[in-house]
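In: Fold the following.
(2 chains)
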Protein chains: 2
Amino acid sequence: MTGTLTNGTNGTGPHKPPADLDASKLIIRRAESLKAVPVWETLQFGETPTDHMLICTYDPINGWSNPEIKPYGPLSLDPVGSCLQYATNVFEGMKAYVGPNGNPRLFRPSRNMKRLETSAARLALPTFDSSELLKLIKQLVLLESRWIPDLPKYSLYIRPTIIGTRPKLSVAASNEAMLYVVLSPTGPYFPTGPRPLSLMAVSETARTWPGGTGGHKLGINYAPALLPQQIAAKRGYDQIVWLLGEDNRITEVGAMNVFAVVGRDDGDLDVMTPSLDGTILPGVTRASCLELLSAHPQSSVLPNIPPSTRIHVHERAITMEELTSWSAKGQLHELFGVGTAVIVAPIGKIGFQNTDVIPLDHPEGFGPVAGALMQRLSDIQTGKWEWEGWSVELSA
Amino acid sequence: MTGTLTNGTNGTGPHKPPADLDASKLIIRRAESLKAVPVWETLQFGETPTDHMLICTYDPINGWSNPEIKPYGPLSLDPVGSCLQYATNVFEGMKAYVGPNGNPRLFRPSRNMKRLETSAARLALPTFDSSELLKLIKQLVLLESRWIPDLPKYSLYIRPTIIGTRPKLSVAASNEAMLYVVLSPTGPYFPTGPRPLSLMAVSETARTWPGGTGGHKLGINYAPALLPQQIAAKRGYDQIVWLLGEDNRITEVGAMNVFAVVGRDDGDLDVMTPSLDGTILPGVTRASCLELLSAHPQSSVLPNIPPSTRIHVHERAITMEELTSWSAKGQLHELFGVGTAVIVAPIGKIGFQNTDVIPLDHPEGFGPVAGALMQRLSDIQTGKWEWEGWSVELSA
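Out: Reported below is the predicted structural model:
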C-alpha cells in the first residue's frame, strides 16, 4: 500500500474529514458475460438477481469509498461483523418500471432515500448523502434496464441495503458499514388475478410497540414475524394482522400498511389507515394512497369512483372491535393492504377470537376503492398518467 | 459434481432425511502458521480472534454439513441472505477458563446450548442437536487452549452464532443457515479494579416489551440500544437501565441482568431481580446468582457474608419508584449487573427524572453481596471451588 490513489478509497490525507458518498466517483466493472433473462412468467419474487450490483464501504478514517458497480456476487464479511451479531441492517424496497417510451421509471424515489437515511440514523450507522445514492441507483437501473420486464404488472425490484460491518464483539454502534443495491425482476403479486387475502389476527406476539422501531425500515422488524407467519400459514391464513394494546389496534398486515373503507348512510366513504405513531412503517405507497384519496374528486384522480362519492380520509387508530362492529352492520366495504411489493392487495377475511371479520364481497377481488388505487398507482408508476411528478423518468 | 462424498455435505441420497449436526463428522483443517498470542494486558474485549473457528451449514435437502474447524476468516454471504435483510441472527456468550491443573473449563455450557436452541426456534431457524454442538465447542477450545490467558480474571470468550442464509428477498423463515463459533481472549471488565457504573434510566425508547423477543438471545434485541447508548455516553453515563411500562419497571442494564439488595431493620437482606416475564434475558449468570444466594447460609456459599445474615431471594418486578424510595431511606444497600462478559458489575448511580438513585457507598466498589457473588462465581468458573458440577473440565 504505497499510493494514495490505489487503495480504493478517496486518497485523502490523515487530516481530511471522512469522504461523503460521491456518485461522480463511480467505478463500473462489467460482468464478462451476461446472463440470459428468464422467461418473465416464471419469476418468483426476489430470487433472480441481475448481472450487476452497486457497492461501497465506509470506515471512520476514509469515509465512503468510491462506489462501484460490479458483477453480482457474494459479500465477504467478518464472522463477528456487527450486522451478523447485533442486527445492524437497514434496507429499502423500490421498483423500476418501463415507461411508454421505453425509458425506465422510478416511483417517488426520494422518499425511499430519506427513509433509508432515517433508518440508518436509528441504528447509529454512518450517515450518507442519499441524493448521491439516488444518482447511483439510477445509473445501476439504466445499466440493467434489459432486466425490467416490459409486461403489465411486472417491474424490476430494487433493494438498497446498509449493513454494519464493525468487526468487534463489544456491543456498540457500528462505525464501519457496507452499502449495496441489488436488483431482481418481479411479476404480479397475484399471477392469476387478485385473490382476497385471509388474515390471522395476532396480539400475543408483538411485531412492534410504542418506543420501538416499527416506524423505521429495519431488518429487526421482520425477524420476529417469521415464526408467527409459519403458524398462520399452517392454520390456513395467508398473512398476519398485527394487533397492539389492550384495545387491539391494528398496526400492519404482514409487511404491508392497511386501509379500511367504511360506508356512510348517505353514500359517502370513510377511508382510514392507522396513524404514524412510531409503530407503523411510513410507507411510500401508504402516503401515495392517502394523497390520491384526498385529491378525489377535485382532480378526478380515482377511476370508476363517481365524483359524487365523497371520500373522507382519516389517519387514526382502528380497533378490532370497530372492524367487527362495522362488519356486522354491513358497513365495512373494503379492507386492503398496500406496499411497494404488492401495491394494493384486497383482504377478504380477518380471523379474530373465533369470529371472522369480513368486508363486503367483491367478486372481482378488488373493491372499488382498492381497485381504483391499484389502477391509478400502476398508471402513474408506468408513466401512463402524470401526477405530481411522482414518476421519475431515467435516461442515459 | 459427481461424487456424493466430495460435496462437503453428508453424501445422503435424495430420500434420506436431512442430516442432524454430528460432532463425529468433524473435519479439522489447521492454519498453516499460528499467530503469536498478544500481551494479555493489552487485550480489548472481542477484538482478537484466535487462529481457528468452527463452521457448518444447513440446507433443507442435506441438513447439517460436516462440521469443520478451519482457519479464522471471512464468511462468503449472498447480498440478499436472510441474516443481512431480515436479521435472522442468534448467538451465545460463554467463557473458557484455565483450571488449577491447566485444563480448560467451561461454565454451565449446557445452559447456553439450550438457550441457543430456543433462540433459533424463535426465529424459525433450522433446529440442531445442541449436545453435538457442545462437543464441537469443546474440541475447538481444546485446540485453541493456548489462547486462554492464565491470569486472574482473564478468560477465552466463546461466541457461538447462527445466521439465516436463505438467499431470497421474500419475507419468510430462513430454511438455510450457517452455524459458527469464534473465540477471543478477554481480560477483566474493569482492568483497574471495580468502578461502580452510572446508569441513565430510559423509558421513552423500549429495548424490549411484552410479547417481544427480550426473553431470547437474538441480535435484534441489541440493535435498538446502540443509538440510546451513544446518547447516554454523551451525557456521561456508562450504560442505560431500560424501563418498561407506566410503572417504570426496570428490565435490564446495558446487556446485563440487574439485582438490587435491600436491607431490613433486623439485618436481613432482600435480594431481588426482575422475573422472567419474556422481557428479560434468562441469563446463566443471573440463574447462578439466584442459586448461590438461595443456598446461603446452609452451604456457606457466599464468602464474607456472615451465616447470621439471612438472604431472602425474590424474582419480582422492581419499579423506579421503589428504588427511589429505598434509596431515600438508606435501605438500598447495593445495585449490580450480572452477565457472562462482566460476571458482576457494581452500579453506583441511576439518573432518573432529574434525581439520582444511589445505593449505599462501598469504597471498594463491590458491596458485600456483589463482591461475594463475584468471588464465588470466579472461584467456581476457574475450578478453585467445586459447586454442583457447574464447571466442566475439558481434557484431550
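In: which bits of the stretch 1-150 of chain A sit near chain B?
Out: A:44-47, A:49, A:53, A:72, A:74-80, A:83-89, A:91, A:121-124 (CB under 8 Å from any CB of the partner chain). Where C-beta positions appear, they are placed from N, C-alpha and C, glycine not excepted.
In: Of those, grab the buried ones for PyMOL.
Out: Buried residues among those (16 or more other CB atoms under 10 Å in any protein chain shown), as a PyMOL selection:
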select buried, chain A and resi 45+46+49+53+72+75+77+78+79+80+83+84+85+86+87+88+89+91+122+123+124
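In: So which of the residues of the stretch 1-150 of chain A next to chain B belong to helices?
Out: Among the residues of the stretch 1-150 of chain A next to chain B, the members falling in helices (DSSP state H) are A:83-85, A:121-122.
In: which residues does A:P71 contact?
Out: A:29-32, A:51-53 (CB atoms under 8 Å, 6 or more residues apart in numbering or on different chains).
In: Quick one: buried ones out of the residues you listed?
Out: For the contacts of A:P71, buried by 16+ other CB under 10 Å: A:51-53.
In: contacting residues around A:G215?
Out: Going by CB under 8 Å, 6+ apart, the list of residues near A:G215 reads A:276-282.
In: how about a cut-off of 7 Å?
Out: Neighbouring residues of A:G215 by CB atoms under 7 Å, 6 or more residues apart in numbering or on different chains: A:276, A:278-282.
In: mind putting those residues in TSV, neighbour count included?
Out: Shown next, in TSV, are the contacts of A:G215 (neighbours: other CB atoms under 10 Å in any protein chain shown):
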residue	neighbour count
A:L276	16
A:G278	16
A:T279	23
A:I280	23
A:L281	21
A:P282	16
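In: okay if I get the residues you listed as CSV plus distance to chain B?
Out: CSV is the format used below for the contacts of A:G215 (distance: CB to the nearest CB, whole Å):
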residue, distance to chain B
A:L276, 17
A:G278, 10
A:T279, 11
A:I280, 16
A:L281, 13
A:P282, 18
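In: which one among these gets closest to A:N112?
Out: Ranked by distance to A:N112 (CB to CB), those are led by A:P282 at 10.8 Å.
In: who's in contact with that closest one?
Out: A:115, A:215, A:276.
In: What count of nearby residues applies to the first one?
Out: As a burial measure, the neighbour count of A:R115 was computed by other CB atoms under 10 Å in any protein chain shown and equals 20.
In: Tell me who's in contact with the spatially closest residue to it that is not a sequence neighbour.
Out: Excluding the flanking residues, the one nearest A:R115 by CB to CB, 6 or more residues apart in numbering or on different chains is A:K217, at 5.9 Å. Taking CB under 7 Å, 6+ apart as the criterion, A:K217 is in contact with A:90-92, A:115, A:119, A:281.
In: Tabulate the ones in helices among the residues of the stretch 1-150 of chain A next to chain B (CSV), appending pLDDT.
Out: Listed next are these as CSV, based on pLDDT from 0 to 100:
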residue, pLDDT
A:C83, 98
A:L84, 98
A:Q85, 98
A:A121, 98
A:R122, 98
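In: Pairing partners for the helix or strand of chain A with the lowest mean pLDDT, with directions?
Out: Ranked by mean pLDDT, DSSP states H and E, the helix or strand of chain A with the weakest confidence is strand A:355-357, at a mean of 90. If you go by DSSP bridges, strand A:355-357 pairs up with strand A:343-352 (antiparallel).
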